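Q: Quick one, structure for this:
(chains A and B)
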Amino acid sequence: MEKLLRNNTFSGWLMATPLTIVLIIFLVLPIIMIVVVSFWQATEFSIIPAFDLENYEFLFGSPVTYKVFLNTFKYAAITWFFTLTIGFTVAYFLAFHVRSLTWQIALFLLCTIPFWTSNIIRMISWIPFLGRNGIANSALISWGVIDEPLEWLLFSDFAVILAFVHLYTLFMVVPIFNTMMRIDRSLIEAARDAGATGVQILWNVIIPLTKPGIMIGTIFVVTLVMGDFITVRFMSGSQSANVGRLISNDIALLAYPSAAATAVVLLLTVLIVIGVLLRFVDIRKEL
Amino acid sequence: MSSVNRRALLKGGAAAVAGSTLGAPMIWAQNIKDVTLRQFGTGVSNLNEVAQKVKEDLGFTLEMTALDSDSVTQRAATQPNSFDIADIEYWICKKVWPTGNLQAMDTSKIKNYDKIVGIFRNGKLTPDSEIAQGTAPHTVGFTSGPDGTDFVQEESGWMTLIPTIYNADTLGIRPDLIGRPINNWSELLNPEFKGKASILDISSIGIMDMAMVVESMGEYTYPDKGNMTREEIDMTIGIFTEAKQNGQFRAFWKSFDESVNLMASGEVVIQSMWSPAITAVKSRGIPCVYQPLEEGYRSWGGGIGLSAALTGLERDAAYEYINWYLDGWVGGFLMRQGYYSAVPETSKNYMSENEWGYWFEGKEATDTITSPFGDPLAQAGEVRDGGSFQERMGSVACWNAVMDENQYMVRKWNEFIAS
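A: Next up, the predicted model:
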């Protein structure tokens, strides 16, 4: 026994076992189940085990599916762009402009305050703000900027993306800030001594070195947005759809197999997206 | 607990105990206090006040869970052991009954059975009224026997659901923001209300509202709105998809609160709505009318069903609860919110003459009408939108329904929402 424990490979396997078991039970098995169910058939109140491609045929045969997937990508791309821009700026400010560690920590905690309330509350609080007679419209009207209330502020793609950016920017800030804090300051000094301008330092030194942080933030934001359904439902007034809503509608109507098929396709899509992202940066090497 | 006692009580009860709420707990002694019945259903009648009153009058505990229509259907169909009493709508019953998750109820144990309005028994409000399209409650209200999973069209003595609550629905409008009379369902798609209309995102009800609109526009007359063909579904949803793409709708709503907020905030001025939602908007001091329309109402009805797993003392308690439900207190409570009770005459005892006149007879209010929660809903001299019970329930054009092509419709509905 002692010999066995001293054997590195064996104890390595042993240490990995608990996590492996947890992952198999709570991650791998459910996913296998979803894949299996996606080939089943359903009537209104019963689910029939079968091997049937009908769910996938319907999914790929309907133009709505493509539209909805396209919409999902659109939300993900636009949200990614804004969260990255804002998140990078905030992290840059915190990491390089705020000099004292105390202030850095204080300001960083300030960023997390919104997270003390629930996601849904933060999202829903936009609704009275953006409404036809909401604060935004009445303020703009009283300032004389507009005469008629802006209809597109609420229940539109604008509202959906606004909520996404609001909800998920912190997921960009945290990993980027983290990697920025670990950049060796002497590299920046060296660049400056070598005559680089601020922009050149940003582009050639800081951005390449924060890539892993950007990539982790990107993975967070992209997966969160692609898997979301409740934000889209509330902020678009149920008028827009993404893949998550397709799945939730199916579940509400007891069409579990069809929901499972959509979920499988979504899972594959997200995995492909992440696979492509990881091609750009080798996170394991850089961390 | 011997069932002899209970039977004796029930038989003698009708005459002897006028209020009837007194008798039961005495007979049940201590046993019944340990009984807990789990009821679930849509928000309309799952009210905590009812559970409290049950505890007071009958002594046992009623646990209430309120869910949306889809979840209710799902739970009744797939988790029969998660409830004792299902408070569901008749169209949901049509879906759920064949699964065998509910048990038939013996009408001879229902004290007020003979007083239940005709709509739930032979389908006719008055002997010469015409039966509306859709899933009319009486068509799914009876089954062939204690173990039946079918529906029969005559009063067989075995009920699937005991009717409890129903109403006639129409469009809700904001008269102050519209400023002219609205008389037809077609107004929902009137370009005048572009960006200010809404429809509910519950497919089985939404499709009926759509059908009312399409007929009213003169586009098509359905042989049966409650059972459309694929072509009819395509055509109906096509018209609405076009309207959606032209920006007719501000939003779709799925829950009661959403519909109230859309209307109260002025985001929407005309939409499908449920009557308590109107009440909720009004009680905020915002004018809102449940507009009667020429084409008639889209009606719905709900009832209580018993889980197939319910036996023994619990089942006796459930029957006791049903009898209590039809005995008037709940009826009065619901009618003062604008719903109707399945046995209106017993509810009369629990309403003031003014309330009965306003809500049921369509008379002018002689004094302020308040909701059971104390909010003023109407002032003296006002009349209920749509008039009396006979007028409102007499002009029902269709009932909420489940179609043979339901799954196709649902897919099309999903596309409509996603398009």
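
Q: what about A:V174, neighbour count?
A: Residues near A:V174, counting by other C-beta atoms under 10 Å in any protein chain shown, number 18. C-betas here are computed from N, CA, C, even on glycine.

Q: The nearest residue to it once chain neighbours are set aside and chain B, how far apart?
A: The shortest distance from A:V174 to any non-neighbouring residue, by C-beta to C-beta, 6 or more residues apart in numbering or on different chains, is to A:G217 (7.4 Å). Distance from A:G217 to chain B, counting by C-beta to the nearest C-beta, to the nearest Å: 29 Å.

Q: now A:I274
A: Taken as C-beta to the nearest C-beta, the span from A:I274 to chain B is 25 Å.

Q: Regarding A:L84, which helix or strand does it belong to?
A: Using DSSP states H and E, A:L84 sits within helix A:63-92.

Q: following that helix, which helix or strand comes up?
A: Sequence-wise, the next helix or strand downstream of helix A:63-92 (DSSP H and E) is helix A:101-112.

Q: what is the rounded mean pLDDT of that next one?
A: For helix A:101-112, the mean pLDDT works out to 90.

Q: Determine the set of other helices and strands touching it.
A: In terms of contacts (3 or more C-beta pairs under 8 Å, 6 or more residues apart in numbering or on different chains; DSSP states H and E), helix A:101-112 is packed against helix A:157-181.

Q: tell me which residues of the helix it packs on are tucked away?
A: Using 16 or more other C-beta atoms under 10 Å in any protein chain shown as the test for burial, helix A:157-181 gives A:157, A:159-180.

Q: and chain B, which of its residues are near chain A?
A: Counting by C-beta under 8 Å from any C-beta of the partner chain, the positions of chain B adjacent to chain A are B:70-71, B:73-74, B:77-78, B:95-96, B:98-99, B:195, B:198, B:201, B:203, B:244, B:249-254, B:261, B:265-267, B:406-407, B:410-411, B:414-415, B:417-419.

Q: Now, those residues that are in helices?
A: If you go by DSSP state H, the residues of chain B next to chain A have B:70-71, B:73-74, B:77-78, B:95-96, B:203, B:244, B:261, B:406-407, B:410-411, B:414-415, B:417-418 in helices.

Q: Number of residues surrounding whichever residue of the stretch 151-287 of chain A sits closest to chain B?
A: Relative to chain B, the nearest point of the stretch 151-287 of chain A is A:G237 (2.5 Å; C-beta to the nearest C-beta). Here the number of neighbours of A:G237 (other C-beta under 10 Å) works out to 24.

Q: Surely it is in contact with A:F155?
A: Yes - if you go by C-beta atoms under 8 Å, A:G237 and A:F155 touch, sitting 3.4 Å apart.

Q: Identify the contacts common to the two.
A: Jointly contacting A:G237 and A:F155 under the rule C-beta atoms under 8 Å, 6 or more residues apart in numbering or on different chains are B:250-251.

Q: Mind pulling up the pLDDT for the residue of the stretch 151-287 of chain A closest to chain B?
A: At A:G237, the pLDDT value in this model is 88.

Q: now do B:F416
A: pLDDT, B:F416: 89.

Q: so it touches B:E242, yeah?
A: No - counting by C-beta under 8 Å, no contact exists between B:F416 and B:E242, whose distance comes to 10.5 Å.

Q: between these two, which one's more packed in?
A: Counted by other C-beta under 10 Å, B:F416 and B:E242 do not tie: B:F416 has more neighbours, with 22 against 12.

Q: Next, the contact list for the residue of the stretch 201-350 of chain B found nearest chain A, please.
A: Scanning the stretch 201-350 of chain B for the residue nearest chain A gives B:A251, at 2.5 Å (criterion: C-beta to the nearest C-beta). By C-beta under 8 Å, 6+ apart, B:A251 lies in contact with A:155, A:236-239, B:198, B:258, B:262, B:267-268.

Q: Could you do A:W152 as well?
A: By C-beta under 8 Å, 6+ apart, the contact set of A:W152 is A:F158.

Q: So which bits of stretch B:247-260 are buried?
A: Neighbour-count burial for stretch B:247-260 flags B:248-254, B:256, B:258-260 (criterion: 16+ other C-beta under 10 Å).

Q: Which one of those is nearest to A:T79?
A: Of all the buried residues of stretch B:247-260, A:T79 sits closest to B:A251, with 21.2 Å by C-beta to C-beta.

Q: Not including adjacent chain positions, what is the nearest residue to the closest one?
A: Leaving aside its sequence neighbours, B:A251 sits nearest to A:G237 (C-beta to C-beta, 6+ apart; 2.5 Å).

Q: how much space between the one you found and A:K74?
A: A:G237 sits 18 Å away from A:K74, going by C-beta to C-beta, to the nearest Å.

Q: before we move on, the earlier item: the buried residues of stretch B:247-260: which two are farthest apart?
A: Greatest spatial distance in these: B:Q248 and B:F256, 22.5 Å, computed using C-beta to C-beta.
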